[in-house]
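Asker: predicted model and sequence follow; I will ask about them next.
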Amino acid sequence: MAERVEHSNNPIEILKAKSQMGAAYPKRCMSDSDWTDFERKCMVRALEVAQQGVGQVSPNPPVGCVLARDGEIIAEGWHDHLGDLHAEQAAIADAEARGVATQGATAFVTLEPCNHHGRTPPCTEALLWAGINRVVIAAEDVNPTVRGGGIACLKRAGIEVAQGLLEAEAREQMRAFMHWCERRRPIVILKAALDCNGNVDSTEGDPARFTSEESLDKVHQLRRECDAVLVGVNTVIRDDPKLTVRRVDLGKGHQPLRVVLDRRLRTPVNSEMVVDEEETLVLHCEGEGTSLECETILMPPLFSSSDEGVDLVQLLDLLGDREIQRLLVEGGPDVWARFLSDDLVDEAYIFHSNIDLGKGLRGGITSKILEDAGLIISSSDVVGVDRLEHWKRA
């Protein structure tokens, strides 16, 4: 192990020391071809470790950090869960635990280090304390509380800052956070399961699941990665779903908020989502007073001529104000149709089963409808015995 080095924890002393060393580094504006293979390797690893925070850090973004010196990765860290160390702090702690000196190292970070006090102290201070002399950033932080403040702070301290390494990959990993910062609304992910005829339910008999176990696991993974799950009241009445994460490990995350669009307050008082201990929000347009043991909000339509129920733009604004960044729309056909016709869907996961439900309820989802909603197919994979199509906004 390398010798452990003690550092001053006073940022002013660090700034003074750098000034005495004449450390004044210019900004490096680099094209894709200018990055070395080792630099790419470091940022790829930072993105890999950042993935471990997905589903656990919202409303913060998943962020990873790698510390390197002399062509070798010496430490790494990621933002693991809300309230825990940020990625830069975790990487420095990892180096400390290993007994590795961080003085003179380069930090590869997937997101611009924060320079404000939130749930944790500023990461810029941690990098100064650790003696980092170069920081490579994948993507700038678009959060209004940051907006370049971290980069500016590091440059004022004489630290060399390089930007843009694997920026597209980092922004994709943090897409929900970036979208929320820029629009203050969640991205909308539609999930639907269709039988071989495009039906979602049988009109003869009780409701029954018809997709594979592997597909169901995938749905629970989607729920784990989302902040809220939405259905219409008809789905609640017909299926009485729980809409919780059960088949995959929740980790250090939390159960998603369940949202019900219920124009006339028809949600049964004894439905699973009302009587369990998880959070449920019922939005309605008509009726006053309810015996439902969950939160309800009256949201009259903006226009009196509207007879479709809760205004979806108002809904997204409301959820955005609650720091909901990923909304999973699970059902049913009427709700899907409204989100698609209003061009509000950013992604769609469509499970296609070979099962024939017989006479059934049409899902109303076809390739043309998805394309008309501004989506293009991104992938088509086999999940168990089903086919899963992933659509994304063009």
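Answerer: Good, I have the coordinates.
Asker: okay, CA-based contacts and neighbour counts for the rest of this
Answerer: Will do.
Asker: domain map for the chain?
Answerer: According to automatic domain parsing, the chain comprises the domains 11-174, 184-393.
Asker: got CSV for those, with mean pLDDT and mean neighbour count too?
Answerer: Output for the domains of the chain, formatted as CSV (pLDDT from 0 to 100; neighbours: other C-alpha atoms under 10 Å):
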stretch, mean pLDDT, mean neighbour count
domain 11-174, 86, 19
domain 184-393, 93, 18
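Asker: so which strand or helix has the residue positioned nearest the centre of the chain?
Answerer: Closest to where the C-alpha atoms of the chain average out (C-alpha atoms, centre = their mean) is Ala176, at 4.6 Å. Using DSSP states H and E, Ala176 maps to helix 175-183.
Asker: give me the mean pLDDT for that helix.
Answerer: What helix 175-183 shows for mean pLDDT is 95.
Asker: if we can go back for a sec, who's in contact with the nearest residue to the residue nearest to the centre of the chain once chain neighbours are set aside?
Answerer: In space, Ala176 comes closest to Gln325 once its chain neighbours are excluded; the distance is 5.5 Å by C-alpha to C-alpha, 6 or more residues apart in numbering. Neighbour list for Gln325: 58-59, 176-177, 179-180, 185-187, 226-227 [criterion: C-alpha atoms under 8 Å, 6 or more residues apart in numbering].
Asker: mind checking how far Gln325 is from Asp195?
Answerer: Using C-alpha to C-alpha, to the nearest Å, Gln325 is found at 30 Å from Asp195.
Asker: ditto for Val231
Answerer: According to C-alpha to C-alpha, Val231 and Asp195 sit 19 Å apart.
Asker: cool, and Asp249?
Answerer: 28 Å.
Asker: same check on Ala50?
Answerer: Computed as C-alpha to C-alpha, the Ala50 to Asp195 distance reads 36 Å.
Asker: got it, and Leu357?
Answerer: Separation of Leu357 from Asp195 (C-alpha to C-alpha): 7 Å.
Asker: got it, and Val313?
Answerer: Distance, Val313 to Asp195, using C-alpha to C-alpha: 31 Å.
Asker: also Ala97?
Answerer: 53 Å.
Asker: please apply the same query to Asp240.
Answerer: 20 Å.
Asker: and if you look at Pro62?
Answerer: Separation of Pro62 from Asp195 (C-alpha to C-alpha) stands at 35 Å.
Asker: just Arg171 next, same as before
Answerer: On the measure of C-alpha to C-alpha, Arg171 and Asp195 end up 35 Å apart.
Asker: with Phe177 instead?
Answerer: According to C-alpha to C-alpha, Phe177 and Asp195 sit 34 Å apart.
Asker: now swap in Glu39 and tell me
Answerer: Glu39 is 47 Å from Asp195, by C-alpha to C-alpha.
Asker: what do you get for Pro207?
Answerer: In terms of C-alpha to C-alpha, Pro207 sits 13 Å off from Asp195.
Asker: now do the shared contacts for the two.
Answerer: Residues touching both Pro207 and Asp195 by C-alpha under 8 Å, 6+ apart: none at all.
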